[in-house]
Each structure stands twice: as C-alpha cells, then as structure tokens.
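J.: Here you go, sequence then predicted model.
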Amino acid sequence: MENYDLVVIGGGPGGYLAAERAGHAGLKTLVAEKNSFGGVCLNEGCVPSKTFLNSAKVFDYANHADKYGVKVEGKTSIDQKFVVERKNGVVKMLVSGVKAQLKRNKVVMKEATAFIESKTADGFVIKVGEEQVLAKRLIIATGSMPVVPPIPGLKENIASGLVLTNKEILDLTTIPESLVVIGGGVIGLEMASYFSSVGTKVTVVEMLDKIAGPTEKEISAILQKTLERKGVTFNLGCKVTAIESDGVVFEKNGKSEKITTDKILLSIGRRAVTQGIGLENIGVNLERGAIVTDDNMRTNVANVYAVGDVNGKIMLAHTAYREAEVAVNTIMGKKDKMRYGVIPSVIYTNPEVGSVGETLDSAKAKGLNAKEINIPLTYSGRYIAENSELDGICKLIVNVDTNTLIGAHIIGSYSGEYIVSVSSMIDLEVNVENIKKLVFPHPTVCEIVREAIFNI
Ligand code: NAI
C-alpha cells in the first residue's frame with residue numbers, strides 16, 4: 001500500500017488548493033477527484049456563469065449602444081451555442097491550469113472516487129479507484145450539491161429536463177422563451193440577469209419577502225428594481241407547491257397560482273456532500289448535514305480536516321481557498337486560523353453587488369455603536385461616464401467607538417473587484433483617519449470609498 005502524508009478527497013477550490021499548498025510545503029500528497037478537477041466552481045458554477053454573464057454584458061451594451069453614441073444596425077441576437085462553446089473553452093483552459101499547478105507541486109492526481117475504509121495505527125486506509133492507499137492525514141473537500149426539496153412533481157420534471165440546476169442551465173444551447181427561477185438567491189439572480197438580458201421572459205419565485213438573501217436591504221431593493229426594468233417579474237413571499245409538466249404552481253397571498261414556462265431553474269440553496277465517502281467508518285461528526293470543524297479546520301477526528309462547502313459554513317470558493325490554507329498551515333504546525341467575519345461576497349448581476357461585513361441592522365443587533373454612510377455612485381466621475389442607469393449606491397458601516405469600518409455594501413460597476421479594498425481596511429482595522437490619507441487613482445469607480453469615508 002502506497003503511503004501518503006496527506007490524502008485530499010475532492011478536487012474543487014478547497015481540495016486542489018489544499019493539495020497544492022501541501023505539495024509545496026513538502027508533504028507527499030494525493031488528491032482524488034471523481035468528476036473533473038476544479039470542482040463545481042470551475043466546471044459548473046462560478047467561472048462558467050461568469051462567461052455567460054460577460055456575454056450578457058456585451059449584449060446589453062450592444063442593445064444600448066446608442067446611449068453612448070454608437071450605431072448598431074439591426075437587431076442584437078445571441079448565439080447561445082457559441083456562448084456555451086466559449087464557456088467550455090474557458091473551463092478547459094482553467095482546469096488544465098489547475099492540473100499544471102498540482103503537477104508543479106508534485107501532487108499525485110487521481111481521477112477516481114475516494115472512500116475512507118478504516119482508521120488503523122498506521123493511518124487511514126483509503127480506497128482510491130481500485131487502489132488502496134494509506135494516509136497519515138486527510139482533508140475532506142467534497143463540496144456541495146443542489147438542495148432538491150420534496151415538492152410534488154419536482155423529481156419527475158428534473159428527469160424530464162424541464163427543471164434544471166446550475167449545472168444543466170450552463171449547457172443550454174438554445175435560449176428558452178420563458179424561464180421560472182425558483183429561489184431568488186445568488187444563482188437564481190445571476191441566471192435571471194443573464195437570461196433576461198438575452199431575451200427570455202424570466203419570473204422569479206422566492207419564499208422570502210426580499211431577494212438576494214442576506215444582502216443589505218436597500219441594495220437588494222435596487223437590484224430588484226434594475227432587474228424588473230430588464231423585464232424580470234418577482235413573486236416574493238411565495239411558496240412553490242407543485243411542479244407540473246408545463247409549469248410551476250405556487251401560493252401567493254393564500255391563493256394558488258400557476259405560471260406555464262419552457263424551463264425552470266431550481267436554485268434554492270446547496271447542501272454539503274457527506275454521503276458515500278465513508279465518514280461513518282472513522283466517526284466524523286456532522287451537524288445539520290455538514291462536517292463540524294473548528295477555526296483550524298479540524299474535525300472531531302484527529303488528523304482529519306474539512307474545508308470548503310462540505311463544512312457548511314460559508315459556501316463560497318474564496319472561503320474554501322482560505323480554509324485550505326489554514327488546514328495546511330495547521331498540519332505544518334504554523335499558527336493560523338479562519339476569521340469568517342470579513343469574507344467579501346459578490347453577486348455578478350449587471351449591475352454587480354459587492355458586500356462585506358456588517359449591515360447597520362446586523363451591527364445594531366450585535367449591540368455595536370454603528371453608523372451608516374450612504375452615498376450615490378454618481379459621486380464618481382468614471383461611473384457617470386460609463387453608465388446610462390445611475391442608481392448605484394455605496395454604503396459604509398462604521399464602528400463609532402473604534403472609528404473603524406465594519407461593513408461595506410455597494411451596487412454598481414466593478415464593485416465586485418474593489419470590495420476587497422474595503423475588506424482589507426476592515427480586516428486590518430485601519431482607523432478612518434488613516435484611510436483618509438490613502439490615495440485612490442482618479443477617475444475610478446472605487447474612489448467612491450474615499451468619498452464615502454469623507455462623508456462620515
Ligand atoms: P442561496 O442560498 O443563495 O438562495 C436560495 C434562495 O432560495 C433563498 O433566497 C431562499 O429563501 C430561497 N428558497 C428556499 N426554498 C425555497 C422554495 N421552496 N421556494 C422558493 N424559494 C426558496 O442559494 P443558491 O442561489 O442556490 O446558491 C447556492 C450557493 O452557491 C450559495 O451558497 C451561494 O453563496 C453560492 N453561489 C455563490 C455565487 C457568488 O458568490 N457569486 C454564485 C452562485 C452561487
């Protein structure tokens with residue numbers, strides 16, 4: 001039996017980065033992936049959806065070119081087959097990049113299913129494909145899968161192809177005339193943004209009375225308004241009761257309604273993948289279906305770590321990256337731990353949303369002496385120069401007692417790129433007086449942060 005210092009199960013962002021860092025640190029490492037290296041993020045999530053959304057952005061520009069003095073003759077149309085082919089090309093390039101990095105760091109890659117068989121005095125016995133290996137340590141990074149609730153007709157209509165998840169929708173080579181999105185969270189909104197841009201009649205059915213989950217309430221309302229302008233219909237506070245072969249039945253204000261549609265996207269959240277790995281053979285603790293971990297990514301079993309969506313903490317690829325590093329540093333005896341409070345999040349709709357940290361409501365709920373600064377993005381010259389719809393805003397949340405930032409919520413172009421500047425200020429606890437001395441390039445949209453700071 002081949003011996004490894006570390007076996008990583010799952011080759012998504014959490015798993016491949018853990019393997020890469022471990023290999024770099026000199027650990028003899030094997031990473032097993034049963035589908036494709038890169039995981040959901042690279043193959044059927046973050047990256048492919050961004051290629052779609054970029055096509056939508058170009059489409060939107062072409063449609064509104066006259067607003068910028070550009071004449072486009074005829075009707076703008078989308079070649080969805082090309083969009084999917086381009087997406088596949090982007091995925092292929094990135095997956096080969098991941099493999100090259102793993103190879104460079106001397107990681108053994110296995111495209112096979114790994115299963116934990118037992119724990120012995122010499123280590124963990126893992127079956128990887130047909131082979132058995134021995135591992136001193138394990139990192140579980142098996143990710144998550146879409147939640148499929150017991151709604152009558154749902155399973156049958158997933159099988160029939162009427163209902164799609166994030167995976168199948170990114171392989172649609174024709175544009176449906178109509179699409180009902182169940183769940184107005186991140187996946188639902190990004191796909192609503194794409195398909196409404198390219199001509200689909202999109203209807204969102206959301207259980208809560210606001211879209212975009214924990215997103216700051218005013219930002220969420222602006223996002224809803226801009227999507228409505230693009231033709232998206234929102235049914236909020238609605239519960240889906242059945243899926244029929246031609247549509248969705250839901251309850252609105254106590255009454256049953258039905259929307260007939262060509263396609264349905266199911267995007268009501270994801271759950272950790274903890275079955276079929278053999279976790280029970282070594283006694284790994286689960287809570288609400290996810291592996292329980294501490295701030296060092298340790299599970300209850302010595303030498304077993306869990307990173308990424310499988311621990312159910314924050315299901316974002318960049319959280320998984322950082323968790324992977326913390327796990328490997330902990331294995332290497334370096335002091336490191338996760339801090340979950342300053343993880344930025346981005347919704348890549350057009351306009352995009354960048355958020356980090358507290359909202360005024362969450363800060364107050366924690367008893368903090370907090371203040372909110374809310375300014376329009378029209379304080380930025382570049383924002384006005386480049387946009388025809390000007391309803392973006394930037395909100396900063398300040399802890400009045402410490403005079404430091406504790407949150408930022410921005411809707412508008414590039415916010416997903418520069419939100420990290422505010423995350424850094426929050427993470428490093430930079431005093432507002434010192435932030436005032438930082439120089440921002442001019443003219444940029446990110447100058448809005450400086451403007452907001454001077455409005456405190
Ligand atoms: P989500 O948790 O973001 O949103 C699910 C939405 O569905 C919620 O608003 C919820 O209230 C609603 N919902 C739940 N049950 C429902 C029902 N029966 N009927 C109607 N609505 C219902 O989940 P989503 O969009 O599926 O995304 C999954 C994960 O992927 C998230 O953790 C997200 O963070 C991650 N992701 C992140 C992206 C990003 O960072 N840009 C992009 C895409 C996904």
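T.: Received, thanks.

J.: and whichever residue of the stretch 351-456 of the chain sits closest to the ligand, what element?
T.: Going by CB to the nearest ligand atom, the ligand is nearest to Gly416 of the stretch 351-456 of the chain, at 8.1 Å. Just so you know, the C-beta spots here come from the backbone N, C-alpha and C atoms, and that holds for glycine as well. Assigned by DSSP states H and E, Gly416 belongs to helix 415-427.

J.: what's the longest helix in this protein?
T.: In the chain, assigned by DSSP state H, the helix with the most residues is helix 80-104.

J.: After that helix, which helix or strand is next?
T.: Downstream of helix 80-104, the next assigned helix or strand under DSSP H and E is strand 108-110.

J.: which residues touch that next one?
T.: Contact with strand 108-110 is made by 4, 11, 29-33, 37, 99, 102-103, 128-129, 131, as judged by CB atoms under 8 Å, 6 or more residues apart in numbering.

J.: Would you format the residues you listed as JSON lines with distance to the ligand and secondary structure included?
T.: Converted to JSON lines, the contacts of strand 108-110 look like this (distance: CB to the nearest ligand atom, whole Å; DSSP: H, G, I helix; E, B strand; the rest coil):
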{"residue": "Tyr4", "distance to the ligand": "31", "secondary structure": "strand"}
{"residue": "Gly11", "distance to the ligand": "18", "secondary structure": "coil"}
{"residue": "Thr29", "distance to the ligand": "27", "secondary structure": "strand"}
{"residue": "Leu30", "distance to the ligand": "28", "secondary structure": "strand"}
{"residue": "Val31", "distance to the ligand": "22", "secondary structure": "strand"}
{"residue": "Ala32", "distance to the ligand": "23", "secondary structure": "strand"}
{"residue": "Glu33", "distance to the ligand": "19", "secondary structure": "coil"}
{"residue": "Phe37", "distance to the ligand": "19", "secondary structure": "coil"}
{"residue": "Lys99", "distance to the ligand": "24", "secondary structure": "helix"}
{"residue": "Leu102", "distance to the ligand": "24", "secondary structure": "helix"}
{"residue": "Lys103", "distance to the ligand": "28", "secondary structure": "helix"}
{"residue": "Val128", "distance to the ligand": "28", "secondary structure": "strand"}
{"residue": "Gly129", "distance to the ligand": "29", "secondary structure": "coil"}
{"residue": "Glu131", "distance to the ligand": "33", "secondary structure": "strand"}
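
J.: quick one: which of these has the most company?
T.: Of all the contacts of strand 108-110, Gly11 has the most neighbours under the rule other CB atoms under 10 Å, reaching 32 neighbours.

J.: which residue sits closest to Ala221, ignoring its sequence neighbours?
T.: Spatial nearest neighbour of Ala221, excluding adjacent residues (CB to CB, 6 or more residues apart in numbering): Lys210 at 7.4 Å.

J.: Which single residue in the stretch 51-200 of the chain comes nearest to the ligand?
T.: Closest point on the stretch 51-200 of the chain to the ligand, by CB to the nearest ligand atom, is Gly185, at 1.7 Å.

J.: Grab the nearest non-local neighbour of that residue.
T.: Closest to Gly185 by CB to CB, 6+ apart is Gly213, at 5.1 Å.

J.: Please list the residues of this protein that sit near the ligand.
T.: Taking CB under 6 Å from any ligand atom as the contact definition, the chain meets the ligand at 149, 182-188, 190, 205-208, 213, 240, 267-270, 315-316, 345-348.

J.: now these: which count as buried?
T.: Neighbour counting with 16 or more other CB atoms under 10 Å marks 182-188, 190, 205-206, 213, 240, 267-268, 270, 315-316, 345-348 as buried within the residues of the chain next to the ligand.

J.: Which ones among those residues map onto helices?
T.: Reading helices off those with DSSP H, I get Val186, Ile187, Gly188, Glu190.

J.: In contact with the residue of the stretch 301-450 of the chain found nearest the ligand, which residues?
T.: For the stretch 301-450 of the chain, the residue closest to the ligand is Met315, as judged by CB to the nearest ligand atom, at 3.4 Å. Contacts here follow CB under 8 Å, 6+ apart; on that basis Met315 touches Ser144, Arg270, Asp309.
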